[in-house]
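Visitor: dropping the sequence and predicted coords here.
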Amino acid sequence: MKPALIADYIERWGAARPEEDVCISELKTAHGFTDKEAKAFLWVYDRTFHYVCEPEPHDPPDPLPQFSERRRGSDPAQDPWTKWLPDIEAFRDAA
């Protein structure tokens, strides 16, 4: 295989590689490949492309509307332990 040629085609085709028959035809006419060599070149190209190219940056989506507001802390009045806490502490202190 020819790494420089693979790098050249990665720059030329990128992720939008043409159909296999178009690629094979181009490799045969431009570089004198046989069918077998052109298929082997494409096999290596397809497996190499994702390792060579930089990944697209990931932009996380906006949060869903129900989660976009800041989370509030829990309301102590809604906590059932809050009303029993004085009794619990009094029991603990009495022991």
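Guide: It's in. Residues are numbered from 1 along each chain as shown.

Visitor: shaky segments in the chain?
Guide: Residues of the chain meeting the criterion pLDDT under 70: 1, 53-58, 64-77.

Visitor: what comes up buried for the longest helix belonging to the chain?
Guide: Longest helix in the chain, counting residues (DSSP state H): helix 35-52. When burial is assessed from 16 or more other C-beta atoms under 10 Å, helix 35-52 yields the following buried residues: A38, F41, L42, Y45, T48, F49. No exception for glycine: its C-beta is placed from N, CA and C like everyone else's.

Visitor: ranges for the helices of the chain?
Guide: Here the chain has its helices, by DSSP H, at 3-13, 20-31, 35-52, 65-68, 80-94.

Visitor: run the chain-centre distance for the last one.
Guide: In this case it means helix 80-94. Taking C-alpha atoms, centre = their mean, to the nearest Å, the mean C-alpha location of helix 80-94 is offset from the chain mean by 51 Å.

Visitor: and that helix, C-alpha only, in PDB?
Guide: C-alpha atoms of helix 80-94 as PDB (Å, rounded to 0.1, in the frame of the first residue of the first chain):
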ATOM      1  CA  PRO A  80     -41.700  15.200  56.500                       C
ATOM      2  CA  TRP A  81     -38.700  14.800  58.700                       C
ATOM      3  CA  THR A  82     -38.600  18.600  59.300                       C
ATOM      4  CA  LYS A  83     -41.700  18.600  61.400                       C
ATOM      5  CA  TRP A  84     -40.600  15.500  63.400                       C
ATOM      6  CA  LEU A  85     -37.000  16.700  63.900                       C
ATOM      7  CA  PRO A  86     -37.600  18.600  67.100                       C
ATOM      8  CA  ASP A  87     -39.300  15.500  68.600                       C
ATOM      9  CA  ILE A  88     -36.400  13.300  67.500                       C
ATOM     10  CA  GLU A  89     -33.800  15.600  68.900                       C
ATOM     11  CA  ALA A  90     -35.700  15.900  72.200                       C
ATOM     12  CA  PHE A  91     -35.900  12.100  72.400                       C
ATOM     13  CA  ARG A  92     -32.200  11.700  71.600                       C
ATOM     14  CA  ASP A  93     -31.200  14.400  74.100                       C
ATOM     15  CA  ALA A  94     -33.400  12.800  76.900                       C
END
